[in-house]
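In: I'd like to go over a predicted model; first the sequence, then the structure.
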Amino acid sequence: MADTAVADGAATTEKVAESAPTVVVDDVHLVYRVHGAGAGKGSATSALSRIVARKKATGITEVHAVKGVSFVAYRGEAIGLIGRNGSGKSTLLRCVAGLLPPTRGKIYTDGQPSLLGVNAAMMNELTGERNIILGCLAMGMSQEEAQTRYTEIAEFSGLEKMSPGILSRPMRTYSSGQGARLRFSIAAAKTHDVLMIDEALATGDREFQLRSEARIRELRAQAGSVFLVSHSMKSIRDTCDRVIWLHDGTILADGPTDEVVAAYEKGR
């Protein structure tokens, strides 16, 4: 992938001249500390002794999930993050979103990043209708604007066509796919400085996926940046103009979509 790296460097020089960066990730590392069966045993006195002696507790395993990742994202880009399970894709997005502080390195963002994932929290005891309004308010809309955007969001989700009356029912009655459709529809109703999507396009039928991909292109045109984590190479090809391939917490390739996806499909 040396040629890709060279080409990407030239492209980056051109982008610096014509577009402003939205995200700068500088040598970021993220280390998880996993407590095993032996952790937590012993008295408070023994724990204090270990702290004073600067010794690690037994039963703690360190997992280096992200290892020295650096890249710059520019306004108007849609960047796909690909790689096998456990490669660090979702962890990296959570770092950029500010949900996980890096163990080492720095992340700079222009504006507030918004992370949308299929497991994003919603209030399961409330109806879909109430979650739409609350979601809009959480994104900074006024009550009046939230009410105005309600119909657009409901129609985009297509849930009422699938199951009439569903938006009047509690979210706990929704399938995982129905919940994911509603989450994406709410998030896509606002133009974001940086929007990060974790597998949201893997849910729903092809018609909804096409609407979602079209909406992502609109968000890019409105001067935002979009990151998409997906195992669907078709969604990546249809949506992204740049792809970062992660493997074991490091970047294997960063470049034009067709080149990086082709290398990934050949090498995985």
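Out: Cool, the structure landed.

In: Now do the phi/psi pair for residue 72.
Out: phi -130, psi 130 (degrees, to the nearest 10).

In: Strands along this protein, start to end?
Out: With DSSP state E as the definition, the chain shows strands at residue ranges 21-35, 60-74, 78-82, 104-109, 113-117, 194-198, 225-229, 242-247, 250-256.

In: could the ones you listed go into CSV alongside distance to residue 141 and mean neighbour count?
Out: Where C-beta positions appear, they are placed from N, C-alpha and C, glycine not excepted. Compiled in CSV, the strands of the chain are given as follows (distance: least, CB to CB, whole Å; neighbours: other CB atoms under 10 Å):
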stretch, distance to residue 141, mean neighbour count
strand 21-35, 22, 16
strand 60-74, 25, 17
strand 78-82, 24, 25
strand 104-109, 21, 14
strand 113-117, 13, 20
strand 194-198, 16, 24
strand 225-229, 20, 25
strand 242-247, 30, 22
strand 250-256, 35, 20
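
In: Make JSON lines out of those strands and add mean pLDDT and distance to residue 211.
Out: Formatted as JSON lines, the strands of the chain follow (pLDDT from 0 to 100; distance: least, CB to CB, whole Å):
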{"stretch": "strand 21-35", "mean pLDDT": "91", "distance to residue 211": "24"}
{"stretch": "strand 60-74", "mean pLDDT": "93", "distance to residue 211": "24"}
{"stretch": "strand 78-82", "mean pLDDT": "95", "distance to residue 211": "16"}
{"stretch": "strand 104-109", "mean pLDDT": "96", "distance to residue 211": "27"}
{"stretch": "strand 113-117", "mean pLDDT": "76", "distance to residue 211": "15"}
{"stretch": "strand 194-198", "mean pLDDT": "86", "distance to residue 211": "14"}
{"stretch": "strand 225-229", "mean pLDDT": "90", "distance to residue 211": "15"}
{"stretch": "strand 242-247", "mean pLDDT": "97", "distance to residue 211": "22"}
{"stretch": "strand 250-256", "mean pLDDT": "97", "distance to residue 211": "25"}
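
In: Out of these, the one nearest residue 181 is which?
Out: Of all the strands of the chain, strand 113-117 sits nearest to residue 181, with 11.7 Å by CB to CB.

In: Tabulate the strands of the chain (TSV), appending distance to residue 174.
Out: Output for the strands of the chain, formatted as TSV (distance: least, CB to CB, whole Å):
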stretch	distance to residue 174
strand 21-35	31
strand 60-74	31
strand 78-82	27
strand 104-109	32
strand 113-117	16
strand 194-198	18
strand 225-229	22
strand 242-247	31
strand 250-256	36
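
In: What about residue 213, how many residues nearby?
Out: Residue 213 has 17 neighbouring residues, counting by other CB atoms under 10 Å.

In: low pLDDT regions in the stretch 51-200 of the chain?
Out: Residue ranges of the stretch 51-200 of the chain with pLDDT under 70: 51-59, 117-121, 200.

In: residue ranges of the helices in it, please?
Out: 89-96, 128-138, 143-157, 159-162, 176-187 (DSSP state H, counting those that start in this stretch).

In: Now render those helices as a markdown table, adding distance to residue 249 and mean neighbour count.
Out: Shown next, in a markdown table, are these (distance: least, CB to CB, whole Å; neighbours: other CB under 10 Å):
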| stretch | distance to residue 249 | mean neighbour count |
| --- | --- | --- |
| helix 89-96 | 8 | 22 |
| helix 128-138 | 31 | 19 |
| helix 143-157 | 35 | 16 |
| helix 159-162 | 37 | 15 |
| helix 176-187 | 26 | 22 |
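
In: where's residue 247 relative to residue 178, distance?
Out: 33 Å (CB to CB, to the nearest Å).

In: about what we covered before: so which of the helices of the stretch 51-200 of the chain gets nearest residue 214?
Out: That would be helix 143-157 among those, by CB to CB, at 10.5 Å.

In: Report all helices and strands that that closest one contacts.
Out: helix 128-138, helix 176-187 (3 or more CB pairs under 8 Å, 6 or more residues apart in numbering; DSSP states H and E).

In: any idea of the angle the shortest one forms with helix 143-157?
Out: Put simply, helix 128-138 runs at 130 degrees to helix 143-157, going by axes from the mean of the first three to the mean of the last three CA atoms, to 10 degrees.
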